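Novice: A structural model of the following input is requested.
(2 chains)
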Amino acid sequence: AQKITQTQPGMFVQEKEAVTLDCTYDTSDPSYGLFWYKQPSSGEMIFLIYQGSYDQQNATEGRYSLNFQKARKSANLVISASQLGDSAMYFCAMREGGNSGGSNYKLTFGKGTLLTVNP
Amino acid sequence: NAGVTQTPKFRVLKTGQSMTLLCAQDMNHEYMYWYRQDPGMGLRLIHYSVGEGTTAKGEVPDGYNVSRLKKQNFLLGLESAAPSQTSVYFCASSYYPGLAIHYEQYFGPGTRLTVT
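Specialist: This is a model prediction of the structure:
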């Protein structure tokens, strides 16, 4: 079974509007972290935001926020006031805490969502 | 700080040729990783290292070898390149996660490899 699922291969949003990129995950480890990375057309991977499984509040970083619903195992990225520069591929990733027999060293990535911001 | 650097940025190989990709980081990170990125597949872990002199296999290790002789460097080798190894290769590094699994991985700019 996939550990990280991003069901939206592509998304379109108008400039200045908000957009939500979906991510669901699967783990039996009580301790884990969820990450979002942005990959613009230039190719580099840019870390955006992190949410820990024990964090009580949803993470926020500027225009990025993470809608963390632990019971539903979802960690959706919300981008407010989209800008043209937000057009990129977005990856959700998970690191498990190693408490359920797995290893805590690796990130498991989803397949990504390509976001296009229209002017 | 340069962060994570990768050499070369682009390379074209013929089937059967060998090459080494070099990754260097100046952040004193313990962990280093090699990923490959293929269209529609996200990033998949090839090999990783938890410290100088240690390496281990990831999800897709076949056809690759690695070495970490110095803490700051992590080398990825292709002994006999195949067209299936055409991909974009990313190196990453991080602090030891330990109990603090919030440490993100810092990525290099990537190497685009084509095997004909």
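
Novice: Count the residues that sit near A:Leu48.
Specialist: 19 (other CB atoms under 10 Å in any protein chain shown). Where C-beta positions appear, they are placed from N, C-alpha and C, glycine not excepted.

Novice: Just give the closest residue to it, not the sequence neighbours.
Specialist: A:Trp36 (4.5 Å; CB to CB, 6 or more residues apart in numbering or on different chains).

Novice: What strands flank the host helix or strand of that neighbour, and is each parallel or antiparallel?
Specialist: Here A:Trp36, judged by DSSP states H and E, is contained in strand A:32-39. For strand A:32-39, the paired strands and their directions (DSSP bridges) are strand A:46-52 (antiparallel), strand A:88-96 (antiparallel).

Novice: For chain B, give me the ranges with low pLDDT.
Specialist: B:97-102 (pLDDT under 70).

Novice: which residues does the residue nearest the centre of it contact?
Specialist: What sits nearest the mean C-alpha location of chain B, by CA atoms, centre = their mean, is B:Trp34, with 2.4 Å. By CB atoms under 8 Å, 6 or more residues apart in numbering or on different chains, the residues touching B:Trp34 are B:21, B:23, B:45-48, B:58, B:64, B:66, B:74, B:76, B:89-91.

Novice: Highest neighbour count among these?
Specialist: Compared across the contacts of B:Trp34, B:Phe74 has the highest neighbour count, 31 neighbours, by other CB under 10 Å.

Novice: thought it was touching B:Leu21?
Specialist: No. Applying CB atoms under 8 Å, one finds B:Phe74 not in contact with B:Leu21, separated by 9.1 Å.
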